[in-house]
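> Predicted coordinates and the sequence they were generated for:
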Amino acid sequence: MFRYSSSRNQRSKGFKVKHALQICVLLAISIWLLYQVKHSHDKKKEFEQSTAKFAENGDGRNGIIKHGRKDLNP
């Protein structure tokens, strides 16, 4: 009269170590991406400030930037 469920259909209802590891990896990747975005933004600001200083000074060349030895002479 009593039925026993087969062992195939039983699932663990607890928190698995695999899920905890996946959450930790996801959290670590999210933090790393946020750090990369912030670092990139700070570098962009620093670059814009340095180019603004260079254009402000002029350096006797009216703000012309030479890009290496293959750059054309004005």
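Alright, I've got the coordinates. Numbers count the residues shown, from 1 in each chain.

> what about the helix or strand hosting Ile31, average pLDDT?
Using DSSP states H and E, Ile31 sits in helix 17-57. In this model, helix 17-57 has a mean pLDDT of 85.

> which secondary structure elements does that helix contact?
Under the contact definition 3 or more C-beta pairs under 8 Å, 6 or more residues apart in numbering; DSSP states H and E, helix 17-57 sits against no other helix or strand. (C-beta placed from N, C-alpha, C; glycine too.)

> residues near Cys24, how many?
Cys24: 10 surrounding residues under other C-beta atoms under 10 Å.

> roughly how far apart are it and Lys44?
Using C-beta to C-beta, to the nearest Å, one gets 31 Å for the distance from Cys24 to Lys44.

> Pull the number of nearby residues for Gln22.
A count of neighbours around Gln22, defined by other C-beta under 10 Å, yields 11.

> for it, what are its contacts?
Not one residue lies near Gln22 by C-beta atoms under 8 Å, 6 or more residues apart in numbering.

> repeat for Ser30
The contact partners of Ser30, by C-beta under 8 Å, 6+ apart, come to none.

> From here on, call the first residue 34.
Happy to do that; since the first residue is 34 now, the last one works out to Ser63.

> distance of it from Cys57?
Distance, Ser63 to Cys57, by C-beta to C-beta: 11 Å.

> How about the secondary structure of His100?
Under DSSP: H, G, I helix; E, B strand; the rest coil, His100 falls in the coil class.

> Next up, the contacts around it.
Here His100 is in contact with no residue (C-beta under 8 Å, 6+ apart).

> what about it, distance to Glu81?
Here His100 is placed at a distance of 18 Å from Glu81 (C-beta to C-beta).

> ditto for Ile56
Note on Ile56: its distance to Glu81, by C-beta to C-beta, is 38 Å.

> With Leu60 instead?
Separation of Leu60 from Glu81 (C-beta to C-beta): 32 Å.

> can you check Lys46 too?
Between Lys46 and Glu81 the computed distance is 55 Å (C-beta to C-beta).

> Same question for Lys71.
According to C-beta to C-beta, Lys71 stands 16 Å off from Glu81.
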